[in-house]
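# sequence-free structure coming up:
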């Protein structure tokens, strides 16, 4: 008997939808781990205040649990990785160790530069996604921390795609900037609407009321 092509496609789509729903459901659950092992952590930095806020957040986290740490910033961002290295050097001095033992610093191509035309950005977006894919395969993060830079979107999208395919489960934690009082940033909206972030934290109660699936945690930075 000849198998109906429509039936095969329908079954395939149903399985994909089921898998996506499964991933979204479990991603929304609070992050728990009984293991005392360290967690490889990808930290996505951005220009302006993004990096300062992220480093302030890292300073109050258990750095002995979140390592090795992989810092990523846009290729055109000349300052963020320098600040991250200074931060890691200060931690290394306290431990009496070397920065290279717990942290690595990487650059990623941006999908679109400020002022770049949308036509030419098609090619750069494809290149940026391919580069992000290679980085994710290399790093294999268990935890992803981000707080708004556009460079986080391809990395988080690939992490979500890996979850759906069952390749690797990376927990994505997004902390919205303290500067966002009335509405989420574009990156925050994308991760929120597409259910890609495991936990999305906001620092203003009115934001939590507007986006009920976020978590209000008060001022962190």
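Thanks, I have the structure now. The model shown is predicted, which means the values in this text are computed figures rather than measured ones.
# show me the shaky parts of the protein.
1-3, 30-36, 112-116, 118, 221 (pLDDT under 70).
# does residue 162 sit in a helix, a strand or a coil?
helix (DSSP: H, G, I helix; E, B strand; the rest coil).
# ok, it touching residue 171?
No. Residue 162 is beyond contact range of residue 171, at 12.0 Å (criterion: CB atoms under 8 Å). Backbone N, C-alpha and C define where each C-beta goes, glycine included.
# name the element residue 209 belongs to?
helix 205-210 (DSSP states H and E).
# return the set of buried residues in that helix.
Neighbour-count burial for helix 205-210, counted by 16 or more other CB atoms under 10 Å, picks out 207, 208.
# centre of the chain to that helix, how far?
Mean C-alpha position of helix 205-210 versus that of the full chain (CA atoms, centre = their mean, to the nearest Å) differs by 22 Å.
# before we move on, what about stretch 40-49?
For stretch 40-49, the distance to the chain centre is 8 Å (CA atoms, centre = their mean).
# got the buried residues for that stretch?
Buried residues in stretch 40-49, defined by neighbour count with 16+ other CB under 10 Å: 40, 41, 42, 43, 44, 45, 46.
# redo these as TSV? Include secondary structure.
Formatted as TSV, the buried residues of stretch 40-49 follow (three-state DSSP):
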residue	secondary structure
40	coil
41	strand
42	strand
43	strand
44	strand
45	coil
46	coil
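# so which of those residues comes closest to residue 153?
Nearest to residue 153 among the buried residues of stretch 40-49: residue 44, at 9.6 Å, using CB to CB.
# pretty sure the closest one is touching residue 72, no?
Yes. Residue 44 is within contact range of residue 72, at 5.4 Å (criterion: CB under 8 Å).
# what is in contact with those two at once?
Common neighbours of residue 44 and residue 72 are listed as 151, 155 (criterion: CB atoms under 8 Å, 6 or more residues apart in numbering).
# can you give me the strands in this protein?
41-44, 69-74, 103-108, 143-146, 171-175, 199-202, 215-216 (DSSP state E).
# distance to residue 117 for these - can I get that in CSV?
Shown next, in CSV, are these (distance: least, CB to CB, whole Å):
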stretch, distance to residue 117
strand 41-44, 25
strand 69-74, 18
strand 103-108, 21
strand 143-146, 27
strand 171-175, 29
strand 199-202, 31
strand 215-216, 38
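# wait, which of those is closest to residue 27?
When those are ranked by proximity to residue 27 (CB to CB), strand 171-175 comes first, at 7.6 Å.
# what lines up beside that closest one in the sheet?
Under the criterion DSSP bridges, strand 171-175 sits next to strand 143-146 (parallel), strand 199-202 (parallel) in its sheet.
# could you redo those as a markdown table and give each row distance to residue 5 and mean neighbour count?
As requested, the strands paired with strand 171-175 are exported to a markdown table (distance: least, CB to CB, whole Å; neighbours: other CB atoms under 10 Å):
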| stretch | distance to residue 5 | mean neighbour count |
| --- | --- | --- |
| strand 143-146 | 38 | 23 |
| strand 199-202 | 40 | 22 |
